[in-house]
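With the input below, show me the fold.
(2 chains)
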Amino acid sequence: GAVVSQHPSWVICKSGTSVKIECRSLDFQATTMFWYRQFPKQSLMLMATSNEGSKATYEQGVEKDKFLINHASLTLSTLTVTSAHPEDSSFYICSAPPLAGPTYNEQFFGPGTRLTVL
Amino acid sequence: RKEVEQDPGPFNVPEGATVAFNCTYSNSASQSFFWYRQDCRKEPKLLMSVYSSGNEDGRFTAQLNRASQYISLLIRDSKLSDSATYLCVVNMGGTGRRALTFGSGTRLQVQP
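Predicted coordinates for the structure are as follows:
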């Protein structure tokens, strides 16, 4: 099946620093990738839709200047949490639907990045 | 009202039991439906898609009722390894957008 990787798998940083998370589709291309966030004992919440070659689309309540998204190629999207604060500590997961094929309606998830801001 | 609603559980069942999870969704234009499984501190993994005619995969049976906007998952002969959180997931469609909407999950604990 299709594979999506994320890096790093976990990160601990000080308040005020910026953290970049990478999401890569390893064996397929994705013009769209999605970034989700999951707080403890809650479900995944969509933060933004990353579009290759154009601006990301952010969900209501998600600050675009704080969560910078860059979708530079058909296999890579990055999420940068700028000036991170403890309330940004969460599990960040990306997903990518393939462009076509029998799994068109599926999404393949990265393994997630656990961010802890001290 | 949440877009996708599930009973959070937990469901504590003995090995070998049959357990059923239910889910309702609010958007009648939703296009595709899934059950995902999420283990603690891991990413969600697709368990099965849900088709209008109902579908089965081994011990797992999923059903969809579009008129009632209701999805179910039945697990027969529960195993210890089935312990996880089960997420009801809906693709609400829309032009150029295929983000998934997740229910809050139902936690299953299978006990020896």
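
Enumerate the residues of chain B near chain A.
If contacts are counted using Cβ under 8 Å from any Cβ of the partner chain, the residues of chain B sitting beside chain A are B:31-32, B:34, B:41-46, B:49, B:87, B:91, B:96-105. In short, each C-beta sits where N, CA and C put it, glycine included.

For PyMOL, write a command that selects the buried ones of the residues you listed.
Only the buried members of the residues of chain B next to chain A enter the following PyMOL selection, criterion being 16 or more other Cβ atoms under 10 Å in any protein chain shown:
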select buried, chain B and resi 32+34+43+44+46+49+87+91+98+99+100+101+102+103+104+105
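
Please flag which of the residues of chain B next to chain A sit within strands.
Among the residues of chain B next to chain A, the subset assigned to strands under DSSP state E consists of B:32, B:34, B:45, B:46, B:49, B:87, B:91, B:100, B:101, B:102.

The last one: what's it in contact with?
Contact criterion Cβ atoms under 8 Å, 6 or more residues apart in numbering or on different chains gives A:36, A:43, A:44, A:45, B:4, B:36, B:44, B:87, B:88, B:89 as the residues in contact with residue B:102.

Mind jotting down where the strands sit in chain A?
In chain A, the strands defined using DSSP E lie at A:4-7, A:10-13, A:19-25, A:32-38, A:45-51, A:57-58, A:67-73, A:76-81, A:90-96, A:108-109, A:113-117.

what pLDDT does residue 54 get?
You didn't say which chain, so I picked chain A. In this prediction, residue A:54 carries a pLDDT score of 86.

switch to chain B, that's the one I care about
With respect to pLDDT, residue B:54 scores 88.

just checking, it touches residue B:60?
No: the pair residue B:54 and residue B:60 fails to qualify as a contact (Cβ atoms under 8 Å) at a distance of 11.5 Å.

More neighbours: the two, which one.
residue B:60 (17 against 13; other Cβ atoms under 10 Å in any protein chain shown).

pretty sure that one contacts residue B:72?
No: here residue B:60 lies out of contact with residue B:72, judged by Cβ under 8 Å, at a distance of 10.9 Å.

Chain B contacts on chain A?
Contacts of chain A with chain B, taken as Cβ under 8 Å from any Cβ, map to A:32, A:34, A:36, A:42-46, A:49, A:91, A:93, A:95, A:97, A:105-107, A:109-112, A:114.
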